[in-house]
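Student: after the sequence you'll find the predicted model.
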Amino acid sequence: MEINGEIVNDKVRYADLNMSPELMRAIDKKGYVQATPVQAGAIPYFMEWKDVIAKAPTGTGKTFAFGIPMVEHADPQGTQVTGLVLAPTRELAIQIRDELRDLCAFKEGVRTVCLYGGQPIDKQILQLKKAPQIVVATPGRLMDHVKRRTVRLDKVETVVLDEADRMLDMGFVRDVTRILDLMPKRKNLGMFSATISREVMDISWVYQRDPVEITVRADQENKPDILQYRLEVERNRKVDTMVRLMELGGYDRVIAFCNTKNMTDRLTGLLKMRDISCEGIHGDIQQRVREKTLQRFRNGELRVLVATDVAARGLDIDDVDAVFNYDVPDENEYYIHRIGRTGRARRRGAAYTLVSTITESIRLDDIRKNTGNEIRAVRFNEAGELEEVGGNG
């Protein structure tokens with residue numbers, strides 16, 4: 001790990017981070033002992049109200065890195081919002097809310113509310129009337145509440161932009177800057193991201209003061225252990241190939257990614273026809289249905305989750321056996337975030353990309369060259385086993 005360009009020791013136990021007994025009880029309940037590098041780097045500076053900009057790979061514990069100081073700073077007797085987390089998607093916002101509530105398990109009086117589109121605003125207004133100290137929100141829905149005057153941000157002290165690059169890429173720049181301008185009492189701003197884009201740096205230059213820059217590189221400690229494969233397959237054989245690979249690998253929890261909502265629905269139907277328990281999620285599916293589907297997948301009730309890239313970032317599902325790129329992703333970054341759903345929590349994962357056209361083959365070659373990932377070309381031999389094809393990257 002690097003802090004302001006200098007390599008520092010990131011081997012830190014939670015017990016060494018001077019947390020309150022209530023927070024330590026919550027951490028102990030989760031069974032955690034060793035802080036991740038981004039947590040070891042960010043927590044001490046956040047506790048001192050410093051601005052932080054942190055770049056760390058997906059799945060390295062960024063939520064606790066800002067969540068622990070935010071909960072520590074929250075006044076259980078307070079009735080004003082003092083901590084705000086902005087997230088790009090509803091799924092990520094809900095996940096952050098759930099993790100913060102875990103941290104608040106023994107800190108009585110600290111309340112957390114999640115605000116996002118797709119849920120009735122009246123229900124959220126009732127929650128806001130309970131005077132939460134911490135709000136997790138998507139930018140658009142938060143602005144709706146600001147305009148209705150159902151939430152006040154003038155007492156906010158700590159703001160965090162999670163998945164900052166994704167949020168700004170999605171066109172939330174104007175909402176984010178308006179929100180930041182509404183907080184005159186802000187003491188510190190944290191920006192957490194897997195990549196630091198120009199838009200992220202623009203926000204940093206305007207709104208942060210001498211930020212502490214934390215960089216956690218994808219080394220052998222935190223780099224997901226993922227075997228990556230490509231298979232050339234006829235378009236009408238993709239589903240059967242995917243099912244065959246699932247049986248061959250004994251995969252019980254799989255995420256399959258498609259580029260379009262239509263293909264997501266179609267693949268879901270084709271898998272159900274083969275008696276495989278699965279559901280799909282994409283932007284046109286009602287939020288409550290998506291939440292229910294994600295919970296069923298987490299509970300092990302579904303073998304396959306079929307999704308567009310709306311689900312590729314921020315989902316905290318640690319035990320996915322394999323990821324299938326049913327469609328080759330349109331962006332290099334989508335590939336990274338898709339396969340990052342597996343190989344987490346110190347487990348080896350597998351990612352398969354199914355290629356059926358020259359265009360998809362060229363696209364995947366481009367992904368391999370630009371990401372530096374080793375993607376092995378494989379095929380089924382006469383015995384029905386996978387074997388490598390020569391000339392891989």
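Tutor: Cool, the structure landed. Residues are numbered from 1 along each chain as shown.

Student: give me the number of residues near residue 34?
Tutor: The local packing of residue 34 (other CB atoms under 10 Å) involves 13 other residues. Any C-beta I mention is one placed from the backbone N, CA and C, and that applies to glycine too.

Student: over to residue 31?
Tutor: Neighbours of residue 31 (other CB under 10 Å): 6.

Student: now residue 272: which helix or strand?
Tutor: According to DSSP states H and E, residue 272 maps onto helix 261-273.

Student: which of the residues in that helix are buried?
Tutor: For helix 261-273, a neighbour-count test (16 or more other CB atoms under 10 Å) marks 261, 263, 264, 265, 266, 267, 268, 270, 271 as buried.

Student: which ones are touching residue 88?
Tutor: Contact analysis of residue 88 by CB atoms under 8 Å, 6 or more residues apart in numbering lists 138, 139, 162, 163, 166, 167, 170, 172, 313, 314.

Student: in TSV, list these along with secondary structure.
Tutor: TSV is the format used below for the contacts of residue 88 (DSSP: H, G, I helix; E, B strand; the rest coil):
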residue	secondary structure
138	coil
139	helix
162	strand
163	coil
166	helix
167	helix
170	coil
172	coil
313	coil
314	coil
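
Student: what is the nearest of the residues you listed to residue 53?
Tutor: For these, the closest approach to residue 53 (CB to CB) belongs to residue 162, at 12.4 Å.

Student: ok, back up a step: ok, which pair from the buried residues of helix 261-273 is furthest apart?
Tutor: Pairwise distances across those (CB to CB) peak at 16.1 Å, for the pair 261 and 271.

Student: so what's the residue count around the closest residue in space to residue 69 that isn't next to it in sequence?
Tutor: Using CB to CB, 6 or more residues apart in numbering and skipping residues adjacent in sequence, the residue nearest residue 69 is residue 46, 3.6 Å away. For residue 46, the tally of surrounding residues (other CB under 10 Å) stands at 26.

Student: okay, and residue 46 sits in which element?
Tutor: helix 37-47.

Student: quick one: distance of that helix to the chain centre.
Tutor: A distance of 19 Å separates the centroid of the chain from that of helix 37-47, by CA atoms, centre = their mean, to the nearest Å.

Student: avg pLDDT for that helix?
Tutor: For helix 37-47, mean pLDDT rounds to 93.

Student: counting contacts, what elements does that helix pack onto?
Tutor: Counting contacts by 3 or more CB pairs under 8 Å, 6 or more residues apart in numbering; DSSP states H and E, helix 37-47 is packed against strand 52-55, helix 62-73, strand 188-193, strand 212-215.

Student: and with 6 Å instead?
Tutor: Applying 3 or more CB pairs under 6 Å, 6 or more residues apart in numbering; DSSP states H and E, one finds that helix 37-47 makes contact with strand 52-55, helix 62-73, strand 212-215.
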